[in-house]
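Q: prediction below, plus the sequence it came from.
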Amino acid sequence: ENTINDVPSNRKRIKQSFVPRMRVCHICGEEYGSKSISIHEKQCTEIFKAQQKRLPAQDRKSLPIRPPFERAASLQDRNSWARASFESLIMETCPGCERTFHGKTKLKKHVQGCDHVKKLNRSSSGIRECIIPAGSTSHGDLLE
């Protein structure tokens, strides 16, 4: 019967020492290797700009500014900054439950069935109780 202790010691060291150092893209939120992240960011920028051009002017977002990754003390800090940038500038927030979604289409679909939004629509104070997504004047435009 083989156990983990039967594995040669040099094989254990190789497995334990190899940990991919993935970096998070501040535009799309996906992870990429240390060598490919700079190539990806250039491509992602072009894709983002093309996607925004296809949207109505009121729904367009500006390209997220690249955080100063050079000042990050660790890879974990760098990735935290990238995720924070992506989530705050790209993701859409539900006005009722505050869940986040990638794009208005997915948010609109969620809002149609969100119990929290339904409660907001029935409450007397309505919109004052919820968080309004950036660029929106009310949550009514999400129900269209």
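A: Cool, got the structure. Keep in mind the model is a prediction, meaning the values are calculated, not measured. Numbering: from 1, shown residues only.
Q: buried residues in the longest helix belonging to the chain, which are they?
A: Across the chain, the helix with the greatest residue count (assigned by DSSP state H) is helix 37-54. Applying a neighbour-count criterion of 16 or more other CB atoms under 10 Å, the buried positions in helix 37-54 are I37, H40, E41, C44, F48. To be clear about C-beta, it is placed using only N, CA and C from the backbone, and glycine gets the same treatment.
Q: same question for stretch 87-107.
A: Within stretch 87-107, the residues that count as buried by 16+ other CB under 10 Å are I90, M91, E92, T93, C94, P95, G96, C97, T100, F101, K104, L107.
Q: biggest separation within these, which pair?
A: The widest separation within the buried residues of stretch 87-107, taken as CB to CB, falls between I90 and G96 and amounts to 20.1 Å.
Q: low-scoring pLDDT stretches of this structure, where are they?
A: Within the chain, the set of residues satisfying pLDDT under 70 comprises 1-20, 123-144.
Q: can you map out the helices along it?
A: Along the chain, the stretches classed as helices by DSSP H are 9-17, 37-54, 75-89, 104-113, 115-122.
Q: quick one: the longest one to helix 75-89, angle?
A: Going back to what we said before, that points to helix 37-54. Angle of helix 37-54 versus helix 75-89, following axes from the mean of the first three to the mean of the last three CA atoms, to 10 degrees, is 0 degrees.
Q: which residues touch helix 37-54?
A: Here helix 37-54 makes contact (CB atoms under 8 Å, 6 or more residues apart in numbering) with R23, C25, H26, I27, C28, E30, Y32, R60, K61, L63, R66.
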